[in-house]
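J.: need coordinates for the following:
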Amino acid sequence: MARTVTDAAIGATLSDAQVDRIFRALADATRRDIVRRTLTAEASISELAADYDMTFAAVQKHIAVLEAADLVARTPRGRERIIRGNPDTIARARDLLGHFEQLWRARIDRLDALLAEHP
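T.: Here you go, the predicted structure:
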């Protein structure tokens, strides 16, 4: 049974499967670079592939992984497929990491308070 990471502070709900897809996709340097490039400007798959030392098909596979994670969107424009980054998914991942940071900081604050009570 898939759990769901929910927090009112982040205003978004991500299933475990979505979180896994997002961070698995971002674990690869080429995919992170594609996300970075397509967040600043749309690019065709050919334009993206021209900058990597890999086949066009390999770049298409990276893009498919990013699409599955909703980190990029592919839009047909004539004969080309235009890729653009999805800032909403990046924001949701950032919010999730921020939520984890808050949990960690609260834990450290509780530990500090406990140590202050019992020096």
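J.: helices of this structure, residue ranges please.
T.: 16-26, 29-40, 45-50, 56-68, 87-117 (DSSP state H).
J.: would you format these as CSV with mean pLDDT and distance to residue 79 included?
T.: Quick note: C-beta positions are derived from backbone N, CA and C, even for glycine. Shown next, in CSV, are these (pLDDT from 0 to 100; distance: least, CB to CB, whole Å):
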stretch, mean pLDDT, distance to residue 79
helix 16-26, 96, 26
helix 29-40, 98, 19
helix 45-50, 96, 10
helix 56-68, 97, 14
helix 87-117, 94, 27
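J.: identify whichever of these lies nearest to residue 78.
T.: Of all these, helix 45-50 sits nearest to residue 78, with 12.1 Å by CB to CB.
J.: what are the buried residues along that closest one?
T.: For helix 45-50, burial by neighbour count (16 or more other CB atoms under 10 Å) applies to 45, 48, 49.
J.: export it to PDB, keeping only CA atoms.
T.: Only the C-alpha atoms of helix 45-50 are listed here, as PDB (Å, rounded to 0.1, in the frame of the first residue of the first chain):
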ATOM      1  CA  ILE A  45      15.100  17.100 -28.300                       C
ATOM      2  CA  SER A  46      17.600  17.600 -31.100                       C
ATOM      3  CA  GLU A  47      18.900  20.800 -29.500                       C
ATOM      4  CA  LEU A  48      19.200  19.100 -26.200                       C
ATOM      5  CA  ALA A  49      20.900  16.000 -27.700                       C
ATOM      6  CA  ALA A  50      23.500  18.100 -29.600                       C
END
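J.: which elements pack onto that helix?
T.: Helix 45-50 sits against helix 29-40, helix 56-68, strand 80-85, with contacts defined as 3 or more CB pairs under 8 Å, 6 or more residues apart in numbering; DSSP states H and E.
J.: which of these sits closest to residue 19?
T.: helix 56-68 (13.0 Å).
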